[in-house]
Structure formats: structure tokens, C-alpha cells
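Chemist: Output the structure for:
(one chain, ligands or ions: 1)
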Amino acid sequence: MMLGKGVLIKNKHKENMQIEEYKMKLIGKDRLREVVELQHYVYENLPNKDVLYMDSYEDMLGDLENGAKIIGVLNSQDRLVAYRYISFPRKEKRNLGYDIKLPEKDLEKVVHLETTVVDPLYRGNGLQLVTLEKAKEIAKQEGYRHFMCTVSPYNFYSLYNVMRGGLKIKALKKKYGTKPDDSDGLWRFILHNDLDKKFYTPADLVLSKWANLEMQKSLIDQGYIGYEIIKDTKELSYVKVDEAYA
Ligand SMILES: CC(C)(COP(=O)(O)OP(=O)(O)OC[C@H]1O[C@@H](n2cnc3c(N)ncnc32)[C@H](O)[C@@H]1OP(=O)(O)O)[C@@H](O)C(=O)NCCC(=O)NCCS
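Modeler: Got it, this is the predicted structure:
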């Protein structure tokens, strides 16, 4: 199913830069192998492997059969160059709504923004944000309300894009461990955007350096939420807001 089209710059920062057309489509089970291959390729090229939690073919297949969606970006040769994977965890244990204590009735309305990867040749075209906006459009039409994801505190580009897409930091904790309390897991921000809530004027603004996790954890424990990321200074603004608007 066709979701959109446009133009990309390939090799944006190189001399052999090229303009290329792309198509955005929902990817079905028949092309899942390509998704997994792109994920592996991007993972192999990552300087810090902890930032990307790999999804297996089997997990994604099971998820697709349960309604998950993969928004794919295909280049002019119909090669998959980026994708965004979204899932609907409902009452499953992995629902991130539990981590931020969403009311039980809202768990059904949670959308997980799972992995997004962009082939290094096509980075710098804002595809992470473009596919996030598309995911919101699709999920909203289907009656979903809470957008949630985890982002590694060491993945600046991803954090920046996700926050530009309207998600706010609501928790900072270890995830994906083997122990029941995830204490052997990886540090992750948990971000959330309630599509039904209006924008608010932030109060009590505190700035934290992006890399200062202790300060951010302490602010979250005091009831602040991560509101915005300032690209140039690599600082995050934390604000206190009325629960009704968070
Ligand atoms: C995070 C990611 C999806 C962002 O890709 P993207 O949408 O193309 O990024 P943007 O278009 O917002 O890039 C903005 C700028 O940052 C640069 N940039 C993006 N990702 C970068 C990276 N991983 N390393 C270095 N620079 C990067 C771009 O070149 C661009 O620079 P410019 O403005 O000077 O042209 C991509 O870096 C990626 O696939 N990373 C590995 C997988 C991952 O971490 N996924 C997210 C967690 S699931």
C-alpha cells in the first residue's frame, strides 16, 4: 500500500551526491527478509551497538501477524533504504505504558515506535521524522492515542528526532535485561506523547547536559519531564507540568 512519495538526497555529504525519488509503502510479510537484512547492515556499521535493540525475523513476523506495521522507504530501484516498525502491545507485559503508570484502560491505545533504521547512504533526509509523522497519521486514524518508545541516552540523533516528533521523556531506566527487574539491561529513556492532550506552556524549566544521566534521573524522580532538546548545545530542557497536560 502506497503511503507517499518524494525526493531524497543520496550521499548527502559526499562529492557524488545524487537526487533520487522514493516511495513510502507498508511492507508486508513477503518483504520482511529485506527489513531484517537492512537492520543487520545498519547494526554492523554502528560505532556503539548498545543503541539499537535488534528485533529477530521471528519476533517481527509474529508481531506483523498481530497487526504491527512496517513503514518502508524504497529508493528508485525499489530497494528498501529505511523503515519504521510500529506495534500495538495491548495488555502484553512489554507495553511501555506500564513503565509510566498509564491507567489500565489506556494500555489498549498504546502504539510502540519500535526500531527505525536508515541506510547510511540516505541519512540526513529526515526519514526518521517523516516516517514518525506517517506512523502517527496511520495510528490516529485507527483510534490509537499514546505514542511511546525507548531511546538510548547515547543515541543523540534518534533522541533529537523523536523529541522533535512531539514525544517527551517520562522515565529513564534499564530495559531489555534478562532479570525480572531489568537491572542487567540497557539504559533507556522512555518517551511518550498523548495525542489527545493539548500543548502547554512549560514552567520551572531546568537545563541538563544531554550526557548527564544522573541529573536527568533525579529531575524525573522529582516529577519533571524532558520537554525539548537543543541541538547546538546538546542540552535537554526539563519542565514541571500539571499532570493533566503531561
Ligand atoms: C537515527 C537515524 C534513524 C536517523 O537518520 P535520519 O532520519 O536520516 O537522520 P536526520 O535526517 O535527522 O539527520 C540529521 C543530521 O544528522 C546526521 N546524522 C543522522 N544520523 C547520524 C548518525 N547515526 N551518525 C552521524 N550523523 C548522523 C545527518 O547526516 C544529518 O546531518 P546534516 O543535517 O548535516 O545533513 C539513523 O542515524 C540510524 O539509522 N541510526 C542507526 C539506527 C538507530 O539508532 N535507530 C534509532 C533507534 S531504533
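Chemist: could you say what helices and strands the helix or strand bottoming out on mean pLDDT in the chain packs with?
Modeler: Using mean pLDDT, DSSP states H and E, strand 203-209 stands out as the lowest-scoring helix or strand of the chain, at a mean of 89. On a contact count with 3 or more C-beta pairs under 8 Å, 6 or more residues apart in numbering; DSSP states H and E, strand 203-209 meets helix 213-221, strand 224-230, strand 235-240. C-beta here means a position set from N, CA and C on the backbone, and glycine is covered the same way.
Chemist: For these, could you give me TSV that also reports mean pLDDT and distance to residue 70?
Modeler: Output for the helices and strands packed on strand 203-209, formatted as TSV (pLDDT from 0 to 100; distance: least, C-beta to C-beta, whole Å):
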stretch	mean pLDDT	distance to residue 70
helix 213-221	95	31
strand 224-230	93	27
strand 235-240	93	30
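Chemist: Looking at those, spot the one closest to residue 140.
Modeler: strand 224-230 (21.7 Å; C-beta to C-beta).
Chemist: so where is the chain shaky, pLDDT-wise?
Modeler: 199-201, 242-246 (pLDDT under 70).
Chemist: Residues of it that sit close to the ligand?
Modeler: 12, 42, 46, 51-52, 115-118, 123-128, 155, 157-158, 161 (C-beta under 6 Å from any ligand atom).
Chemist: Go ahead and name everything in contact with the helix or strand hosting residue 130.
Modeler: In this assignment (DSSP states H and E), residue 130 forms part of helix 127-141. Contacts to helix 127-141, defined as C-beta atoms under 8 Å, 6 or more residues apart in numbering, come from residues 3-4, 6, 8, 24, 69, 71, 73, 82-84, 86, 111, 113, 116, 118, 147, 157-158, 161-162, 164-165, 195.
Chemist: Those residues in helices, which ones?
Modeler: 157-158, 161-162, 164 (DSSP state H).
Chemist: Of the residues you listed - the most surrounded one?
Modeler: residue 162 (26 neighbours; other C-beta atoms under 10 Å).
Chemist: Go ahead and confirm it touches residue 149.
Modeler: Yes - using C-beta atoms under 8 Å, residue 162 makes contact with residue 149 at a distance of 6.2 Å.
Chemist: Report the set of residues contacting both of these two.
Modeler: By C-beta under 8 Å, 6+ apart, the residues touching both residue 162 and residue 149 are 113, 191.
Chemist: Now the least confident helix or strand of the chain: buried residues?
Modeler: Of the residues in strand 203-209, residue 208 count as buried by neighbour count, 16 or more other C-beta atoms under 10 Å.
Chemist: got the angle between it and helix 213-221?
Modeler: With axes from the mean of the first three to the mean of the last three C-alpha atoms, to 10 degrees defining the directions, strand 203-209 sits at 160 degrees from helix 213-221.
Chemist: How far off centre is strand 203-209?
Modeler: Computed by C-alpha atoms, centre = their mean, to the nearest Å, the chain-centroid distance of strand 203-209 equals 23 Å.
Chemist: What is the neighbour count of residue 182?
Modeler: 15.
Chemist: Am I right that it is in contact with residue 176?
Modeler: Yes - counting by C-beta under 8 Å, residue 176 is a contact partner of residue 182 at 6.8 Å.
Chemist: For ChimeraX, write a command that selects the buried ones of the contacts of helix 127-141.
Modeler: Typed into ChimeraX, the line below selects the buried ones among those, using 16+ other C-beta under 10 Å:
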select :3,8,24,69,71,73,82,83,84,86,111,113,116,118,147,158,161,162,165
